[in-house]
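>>> here is a sequence with its predicted model. Questions after.
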Amino acid sequence: MNNGFIAAIVILIVVLIGAGAWVLTQPQTNVTNNTTGNNDTNIIDITNNTTNQSTNHTTTNNTTKNITAAEANKLAEKYIAMGVYLGNNTTLTTFKGVRVWNVSVYTTQGLYSDAIYISVTDGKRIE
């Protein structure tokens, strides 16, 4: 067989596998319940966008998965150095117009040192 023809078939198979994987990884409707320590803060984000047309009935579910306080603490661990530790009083707040988890940092002597702000929606550090 011709090498170009074989290459075209291989590329077609890879594209079909990629399209199938993309379809399988699309998010389903999720309800996220995040709870912080003793504060009993619950965040439930459900977003449903529905478009109805005369001949087509299309439903699109757009969901966002917020990170939990525990996940924020894990993410904040990579921003601390020796001689400090993270507190267990992570709170939900707003910092620079972004909803964030406020993760407190303390010295080994138990004195408040600083705060690390982790975005609720994407887990990135807000400075």
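Received, thanks. Values in this document were obtained by computation on a predicted structure and should not be read as measured data. Residues are numbered from 1 along each chain as shown.
>>> could you use CA atoms for every contact and neighbour count after this?
Noted.
>>> enumerate every residue touching residue 87.
For residue 87, the contacting residues are 103, 104, 105, 106, by Cα atoms under 8 Å, 6 or more residues apart in numbering.
>>> between these, which is nearest residue 94?
Set against residue 94, the nearest of the contacts of residue 87 by Cα to Cα is residue 103 (12.4 Å).
>>> give me the helices and strands touching the helix or strand in which the closest one is found, please.
If you go by DSSP states H and E, residue 103 is part of strand 98-107. Judged by 3 or more Cα pairs under 8 Å, 6 or more residues apart in numbering; DSSP states H and E, strand 98-107 is in contact with helix 69-76, strand 84-86, strand 91-95, strand 112-119.
>>> looking at it now, give me its mean pLDDT.
On average, the pLDDT along strand 98-107 is 91.
>>> so where is this protein shaky, pLDDT-wise?
Within the chain, the segments meeting pLDDT under 70 span 1, 26-64.
>>> and the helices and strands packed on strand 98-107 as CSV, adding distance to residue 5 and mean neighbour count?
Listed next are those as CSV, based on distance: least, Cα to Cα, whole Å; neighbours: other Cα atoms under 10 Å:
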stretch, distance to residue 5, mean neighbour count
helix 69-76, 48, 19
strand 84-86, 59, 19
strand 91-95, 57, 17
strand 112-119, 49, 20
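>>> in CSV: those, plus distance to residue 17.
Shown next, in CSV, are these (distance: least, Cα to Cα, whole Å):
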stretch, distance to residue 17
helix 69-76, 32
strand 84-86, 44
strand 91-95, 41
strand 112-119, 34
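>>> nearest to residue 127 among the ones you listed would be which one?
strand 112-119 (7.0 Å).
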